[in-house]
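Novice: structure, please.
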Amino acid sequence: MGHFTNVKSAQEKCFTICIPCSNSLGQTTKFSKAFVDLHILKPSPYVQGQYYATDGSNKIIFNIKLNTIQVISGFQKGFETQIIGEELGYNKKFEQYRFLLIEQPLDPNFKISSSNGDQDSILDKLKPVETLKECYDFLFEFSEHKEAMLELDKGIYTFLTSYVVVVGYLDHAAKKLRSLAENCEKQILERNHQLAIDRRLNDKLRISLESYILNQVHDQLFKVVSKACKNECAQVIKKCEGNPNIDGKALRLDPKFCCPLNSADTVIADVNAHRRVKDDGLLVFREGQHKEGVTVTSDELISLLVVVIIRSSYESLPSHIKFIETFHWTEFPNSENNYSVVTFKAALRFILSETFDQTIRPSLEPVSLER
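Specialist: Predicted coordinates for the structure are as follows:
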């Protein structure tokens, strides 16, 4: 009861409460008052970012910086631990206080029962997923997910066999698939509290579920999206065929921004082979980025993308943009993917505009492909 009172008091005073990861505690189930006090931190009245343990001595001082807690004084040897996750709580007065999920206890003398491999495994789980395989591995890594994933598979099968995707109702199809993902996420979080407690793991779960679902329904959806974008794609083909040798010079780009495009057609093939929404466009976007050490403005990047799109005959670009905007629901503000989509849309709009013809034709000279 005494330990509970300490935590309750910490909430009322808006102190920071640190919770060591369960793997770092081994089989320990009972903790002393001193251990609890060590993990309840009150802010220093003198130095921002420094905290005192609430043991009453004011000798144990910690520094919280970015994702790390460092021991400044109170122990004979230096010590630091990683912050794995953070959540906000509210007391009865609706004042905020913080919960920090930390890699290991703040006492350097505490013997960690888990192996280094277990700790590495925890940190590995926090790494963002980059490939479809990583999404699958993450979803099936936990035994608690089995029932929820079976239920999801049933929902995907029903969608593929019963739902008719229509050009004018793509948003409705997206809502239906998003509902499948959200229901599965809810079931998983009810069973796997390790994911529920950390926002980064929760985000990773949502991205993995989206990729898992869309990988299975991609072909059916993309056929309909392509029909919806048929006219725009035809216009892109026309522009590509009419300006096959366009280069940076034609768009009055500084020569230092121009580079050979030998691999442009290969990049487009890679994009068409990818089935994760997040991958569509990013490969070509990176192909159009600047050389190392050279800064490119947004306007210059758009012009570079125009060259890449035309030279690679990226006729399916309107369909890819439409697909991403309709079926990519897990994106977060200010992300690389959002920026790339906006930049691609600007490049596409320019290619399809009359301004494009007026800009390049007076200055365009026949050139040969770079070798």
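Novice: check which element follows the lengthiest helix in the chain along the chain.
Specialist: In the chain, assigned by DSSP state H, the helix with the most residues is helix 199-228. Downstream of helix 199-228, the first helix or strand assigned by DSSP states H and E is helix 230-242.
Novice: flag the shaky bits of the stretch 201-350 of the chain, pLDDT-wise.
Specialist: 256-295, 331-336 (pLDDT under 70).
Novice: all helices of it, in order?
Specialist: 230-242, 264-273, 282-287, 298-311, 317-327, 336-351 (DSSP state H, counting those that start in this stretch).
Novice: the fifth one to helix 230-242, inter-axis angle?
Specialist: Direction vectors for helix 317-327 and helix 230-242, defined by axes from the mean of the first three to the mean of the last three CA atoms, to 10 degrees, enclose an angle of 140 degrees.
Novice: just the residues contacting helix 317-327, thanks.
Specialist: 170-171, 174, 177, 214, 221-222, 225-226, 228-229, 232-233, 236, 271, 277, 280-281, 309, 337, 341, 344-345, 348 (CB atoms under 8 Å, 6 or more residues apart in numbering). Yep, even glycine has a C-beta here, placed from its N, CA and C like the rest.
Novice: from those, which would you call buried?
Specialist: Listed as buried from the contacts of helix 317-327 are 170, 174, 177, 214, 221-222, 225-226, 228-229, 232-233, 236, 271, 277, 280-281, 309, 337, 341, 344-345, 348; burial here means 16 or more other CB atoms under 10 Å.
Novice: tell me which helix or strand Q76 sits in.
Specialist: Judged by DSSP H and E, Q76 forms part of no helix or strand.
Novice: for it, the count of nearby residues, please.
Specialist: 7 (other CB atoms under 10 Å).
Novice: ditto for R311
Specialist: Count around R311 with other CB under 10 Å applied: 19.
Novice: and the nearest residue to V7 once chain neighbours are set aside, what's its pLDDT?
Specialist: In this structure, V7 finds its nearest non-sequential neighbour in I17, 6.5 Å apart by CB to CB, 6 or more residues apart in numbering. At I17, the model reports a pLDDT of 91.
Novice: show the contacting residues for I17.
Specialist: Counting by CB under 8 Å, 6+ apart, I17 has contacts 7, 10-11, 39-41, 89, 97-100.
Novice: now swap in A181 and tell me
Specialist: Shown in contact with A181 (CB under 8 Å, 6+ apart): 152, 206, 209-210, 213, 329.
Novice: go again with 7 Å.
Specialist: 209-210, 213 (CB atoms under 7 Å, 6 or more residues apart in numbering).
Novice: secondary structure element for it?
Specialist: Assigned by DSSP H and E, A181 falls in helix 170-191.
Novice: quick check: the residue nearest to V7 is in a strand.
Specialist: Yes: looking at I17 with DSSP: H, G, I helix; E, B strand; the rest coil, it is inside a strand.
Novice: and it, how far is that from Y52?
Specialist: Plainly put, I17 is 14 Å away from Y52 if you go by CB to CB, to the nearest Å.
Novice: and what of F350?
Specialist: F350 is 58 Å from Y52, by CB to CB.
Novice: so the two - more neighbours on which side?
Specialist: Neighbours were counted for F350 and for Y52 using other CB under 10 Å; Y52 has more, 21 against 17.
Novice: name the helices or strands packed onto the helix or strand containing V36?
Specialist: When elements are assigned from DSSP H and E, V36 belongs to helix 33-38. Packing partners of helix 33-38 (3 or more CB pairs under 7 Å, 6 or more residues apart in numbering; DSSP states H and E): helix 2-12.
Novice: longest strand in the protein, by number of residues?
Specialist: Longest strand in the chain, counting residues (DSSP state E): strand 80-90.
Novice: and the contacts of that strand?
Specialist: 11, 21, 67-71, 96-104, 106, 122, 126, 197-200.
Novice: ok, how many other residues are close to V167?
Specialist: A count of nearby residues for V167, using other CB under 10 Å, gives 12.
Novice: so how far is L253 from the nearest residue to it once chain neighbours are set aside?
Specialist: Spatial nearest neighbour of V167, chain neighbours left out: A228 (4.7 Å); criterion: CB to CB, 6+ apart. Per CB to CB, A228 is found 33 Å from L253.
Novice: what's the answer for P318, then?
Specialist: From P318 to L253 the distance is 24 Å (CB to CB).
Novice: ok, back up a step: what about the helix holding V36, distance to the chain center?
Specialist: Computed by CA atoms, centre = their mean, to the nearest Å, the separation of helix 33-38 from the middle of its chain amounts to 36 Å.
Novice: which strands and helices sit next to the helix or strand following that helix?
Specialist: Per DSSP H and E, the first helix or strand lying C-terminal to helix 33-38 is strand 40-43. Counting contacts by 3+ CB pairs under 7 Å, 6+ apart, strand 40-43 packs against strand 16-20, strand 50-53.
Novice: using CSV, write out every CA atom in strand 40-43.
Specialist: The C-alpha coordinates for strand 40-43 follow below in CSV (Å, rounded to 0.1, in the frame of the first residue of the first chain):
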residue,chain,number,x,y,z
ILE,A,40,9.9,8.7,-9.3
LEU,A,41,11.6,11.9,-10.4
LYS,A,42,10.9,15.5,-9.5
PRO,A,43,12.3,18.3,-11.6
